[in-house]
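>>> Fold the stuff below for me.
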Amino acid sequence: MTFGNEYPNSQARQPSYPYTPRNINFPYSHYYHLHRSDSSPADLQPDTPSEKKQIVDGHIKVNIGSGQGLNVKTGAAVGGQHGLGFNADGHLAYNGMNAQANGHLGAQYGIHAQGETHLNSSQGAGFNTEASVGGKYGLAAQAKAQVGGDQWAGFNTGAQLGGSYGLHAGADGHLGMSQGAGINTGLQLGGENGLNAQAKAQLGGGQGAGFNTEAQLGGESGFNANVDGHLGFSQGAGFNTGMQIGGENGLGAQANAQVGGGQGIGLGIKGQVGGHNGQLGFNFGGKGNESKDSD
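The predicted model follows:
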């Protein structure tokens, strides 16, 4: 993923609450099972019971084509869809290679896994893996990484335990010439109205250095809090923090400070009680001194 310009001058920032939690999605692929080899009833001998019920099934296929490189496909199944099965294929050519594999043990509530890797001149090197145990309400995880291509390096990991109201966690990061280095983490427990937390940091990429943290407990009408800061040549140094309890008509407060970035030195404080809002701030240098409050 990429980070946008998420650390503008804090004097111009608006309160970032109510915070909308980040939903962590886990797009696990549909796993498929191998088909039995084609056979007609006439091919089975009635006096050989062992051949009436096929327990083990497998295949392997190799293809070498002009200009297409080497292709290999293989797979096997033991005990049908409730047993053990796997499938794998790979491709090797002069400009790169890629391979995929998936497998299962048991049916819906068993173990399912798949992986993919590639290496070529346009995309660089990368891999992607996913696994699940126990079905929808069990454990699921994924991990992927990339080196080369449009982005020097990047990674993404995610995990889920207990379905939509269980535990969700994710982390991703990137490193590149234009984007700099960044990391983003998120956590959710108990669904949208439970506990949600997020933290991210950025270094370089035209933004200098910046960080942002957010937390929520009890949904939009519960408790929300955020803290962020930035440091850069054009933006100067800034800090912003805020909290909210009880939604838009509850209790809220925010404070921010800014040094440099064409604004001199500035400080602002905002508060909210019910439907009434007030703010107090001053600025020294830059655009001139300013102090105000309102209901």
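>>> residues touching the residue positioned nearest the centre of the chain, list them.
Central residue of the chain (CA atoms, centre = their mean): residue 170, 5.3 Å from the mean position. By CB atoms under 8 Å, 6 or more residues apart in numbering, the residues touching residue 170 are 24, 156-159, 185-186. For glycine as for every other residue, the C-beta is placed from the backbone atoms N, C-alpha and C.
>>> and it, what helix or strand is that in?
Per DSSP states H and E, residue 170 falls inside strand 167-176.
>>> quick one: that strand to chain centroid distance?
5 Å (CA atoms, centre = their mean, to the nearest Å).
>>> Just after that strand, pick out the following helix or strand.
strand 180-189.
>>> What ranges does the stretch 151-295 of the chain have for its helices?
Counting by DSSP state H, counting those that start in this stretch, the stretch 151-295 of the chain has no helices at all.
>>> Quick one: neighbours of residue 136, just the number.
Residue 136 has 12 neighbours, counted by other CB atoms under 10 Å.
>>> helix/strand/coil for it?
For residue 136, the assignment made with DSSP: H, G, I helix; E, B strand; the rest coil gives helix.
>>> Now do the closest residue to it other than its chain neighbours against residue 198, distance only.
Sequence neighbours aside, residue 163 is the residue nearest to residue 136 in space, at 5.8 Å (criterion: CB to CB, 6 or more residues apart in numbering). The span separating residue 163 from residue 198 equals 21 Å under the rule CB to CB, to the nearest Å.
>>> cool, residue 177 as well?
Distance from residue 177 to residue 198, by CB to CB: 26 Å.
>>> Likewise for residue 82?
Taking CB to CB, one finds residue 82 at 40 Å from residue 198.
>>> Neighbour count: the two, which is higher?
Set residue 82 next to residue 198 and count neighbours by other CB under 10 Å: residue 198 wins out with 20 against 13.
>>> so the more buried one bridges to which residues?
residue 186, residue 214 (DSSP bridges).
>>> Can you give me the neighbour number for residue 108?
Per other CB under 10 Å, the neighbour tally for residue 108 reads 11.
>>> Can you list the low-confidence ranges for the stretch 151-295 of the chain?
151, 286-295 (pLDDT under 70).
>>> let's go with 80 and repeat that
Across the stretch 151-295 of the chain, the ranges flagged by pLDDT under 80 are 151, 177-178, 205-207, 261-263, 285-295.
>>> what are the ranges of the strands in it?
151-161, 167-176, 180-189, 195-203, 209-217, 223-232, 236-245, 251-259, 265-273, 276-284 (DSSP state E, counting those that start in this stretch).
>>> what's the angle between the fourth one and strand 167-176?
So that's strand 195-203. 10 degrees (axes from the mean of the first three to the mean of the last three CA atoms, to 10 degrees).
>>> for strand 195-203, the distance to its chain's centre please.
12 Å.
>>> repeat for stretch 94-114
Using CA atoms, centre = their mean, the offset of stretch 94-114 from its chain centre is 21 Å.
>>> contacts for it?
Under CB under 8 Å, 6+ apart, the answer for stretch 94-114 is 28-29, 31-33, 69, 81-91, 115-121, 123, 129-135, 138.
>>> mind running it again at 6 Å?
31, 81-82, 84-91, 115-121, 130-135 (CB atoms under 6 Å, 6 or more residues apart in numbering).
>>> next one: stretch 176-190
Against stretch 176-190 from outside (CB under 6 Å, 6+ apart): 2-3, 22, 24, 151-152, 165, 167-175, 195-205.
>>> mind giving me the domain ranges of this protein?
Using automatic domain parsing, the domain parsing of the chain gives 21-194, 220-295.
>>> need these in CSV with distance to residue 211, can you?
Below are the domains of the chain laid out as CSV (distance: least, CB to CB, whole Å):
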stretch, distance to residue 211
domain 21-194, 10
domain 220-295, 6
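>>> Nearest to residue 210, out of the ones you listed?
domain 220-295 (4.1 Å; CB to CB).
>>> so how far is that closest one from its chain's centroid?
The answer for domain 220-295 is 30 Å, by CA atoms, centre = their mean.
>>> Renumber starting at 40 from here on
Sure thing, new numbering starts at 40, so read that last one as domain 259-334.
>>> re the thing from before, from the contacts of stretch 133-153, keep the buried residues only.
Burial by neighbour count, 16 or more other CB atoms under 10 Å: within the contacts of stretch 133-153 this picks out 70, 123-127, 129-130, 154-158, 169-172.
>>> any idea of the pLDDT on residue 178?
In this model, residue 178 is scored at 95, pLDDT.
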